[in-house]
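>>> Quick check, what structure comes out for this input:
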Amino acid sequence: MNVAIVGASGAVGQEFLRVLAERNFPIDELRLFGSSRSAGTTYQFRGKDIVVRELRHDTDDFKDIDIAFTSAGGGISQEFAADITRHGAVMIDNTSAFRMDPEVPLVVPECNAADALNRPRGIIANPNCTTIMMVVALQAIEKLSHIKRVHVSSYQAASGAGAAAMDELEMQMKQIVGGEKPTVSKFAYQLAYNVIPQIDVFTENGYTKEEMKMYHETKKIMHSDIDVSATCVRVPVMRSHSEAIWVETERPISVEEARQAIAGGEGLTLQDNPAEKDYPMPLFLAGCDNVYVGRIRKDLANPNGLTFWLVSDQIKKGAALNAVQIAEWLIANNGLNK
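Numbers count the residues shown, from 1 in each chain. Below is the predicted model:
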């Protein structure tokens, strides 16, 4: 099993290295790729030093690669997809480049793992991090009663914008404490001591691209007519996204039914004991694999409604872990050569 990581020096690329090691993923050879700037950098994996290669068109570097995890930006994924898949490698892409391509499955293993078998272009897309977190929880509710519509507000950590954004938030905190004017470059406004109700650019309908990703991707993953209305907000948290979710189902679902479904749901952890102030928080869930759900309650404005809160590490389950789980499912189901 020969594996490649494209974008190895980025936040998600580094998370791929940790997740592959944690899960003892079967690897005979690991190749790391990056830009000319990161080429030559050395990373350790299972006690071995691996040097980052420059990603180029004029090589056969992917000739005997079985699985390539790509996370170097949508433009790079589009430019190099043919090179990566030419000799039969399965490209599991962690960018937005192919998510809505009808010939590319969009996969969250807890929801639609088998979609990964139908990949005419040799590419499988990893959904947006906020979508991944949400649909893992929605899948458990969908098994009780069909979900007609969802309203969601996300509270997204700085790390969702990359390692440089995390560094900027930390620097802003230090600058403010030191009486200096905070540096602002990664976000439209100062993030420290603030929230920014914009992630990605606005579209013609007033929603941002991030919000529209949740609308379109949820339908594709769940093979459903489900409608999603989202408001995505950047908050001064370092790592792990949170979401407040309202769902409307075809029949009323009791809180106890929902709790049991979440507790037994794949990839989910129920953390819902409000009497003890026990609920998911990003401060404590960085590095965790599952989607944590709490504050489950009836929607006071809708007899068929439920509302709940969830938190998950968006670099892990929202990116690298989900992609690795897709690869694990393919291996377990003889799906690499389909």
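
>>> Please report how far residue 50 lies from residue 297.
When distance is defined by CB to CB, to the nearest Å, residue 50 is 48 Å away from residue 297. Glycine gets a C-beta too; all of them are placed from N, C-alpha and C.

>>> Then residue 134?
17 Å.

>>> Between those two, which has more neighbouring residues?
residue 134 (29 against 14; other CB atoms under 10 Å).

>>> show me what contacts the more buried one?
Residues in contact with residue 134 (CB atoms under 8 Å, 6 or more residues apart in numbering) are 150, 152, 214, 218, 243, 245, 310.

>>> which one of those is nearest residue 196?
Within the contacts of residue 134, the smallest distance to residue 196 is 16.4 Å, found for residue 243 (CB to CB).

>>> Report how many residues lie close to that closest one.
There are 23 residues near residue 243, going by other CB under 10 Å.

>>> That one and residue 152 touch, don't they?
Yes. Counting by CB atoms under 8 Å, residue 243 does reach residue 152; the two are 5.5 Å apart.

>>> Quickly list what's touching both of those two.
130, 134.

>>> show me where the protein has helices.
Ranges of helices in the chain, per DSSP state H, are 11-22, 74-85, 109-112, 129-142, 163-177, 209-222, 255-263, 282-285, 321-332.

>>> just so I know, which of those lies nearest residue 275?
With CB to CB as the criterion, residue 275 lies closest to helix 255-263 of the helices of the chain, at 13.8 Å.

>>> can I get the CA coordinates of that closest one in PDB?
Once non-C-alpha atoms are left out, helix 255-263 reads as follows in PDB (Å, rounded to 0.1, in the frame of the first residue of the first chain):
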ATOM      1  CA  VAL A 255     -35.900  14.100  23.200                       C
ATOM      2  CA  GLU A 256     -35.400  10.600  24.600                       C
ATOM      3  CA  GLU A 257     -35.600   9.100  21.100                       C
ATOM      4  CA  ALA A 258     -33.100  11.600  19.800                       C
ATOM      5  CA  ARG A 259     -30.700  11.000  22.700                       C
ATOM      6  CA  GLN A 260     -30.800   7.200  22.100                       C
ATOM      7  CA  ALA A 261     -30.200   7.700  18.400                       C
ATOM      8  CA  ILE A 262     -27.200  10.000  19.000                       C
ATOM      9  CA  ALA A 263     -25.800   7.700  21.700                       C
END
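
>>> which strands and helices sit next to that helix?
Under the contact criterion of 3 or more CB pairs under 8 Å, 6 or more residues apart in numbering; DSSP states H and E, helix 255-263 touches helix 129-142, strand 268-270, strand 291-298, strand 305-312.
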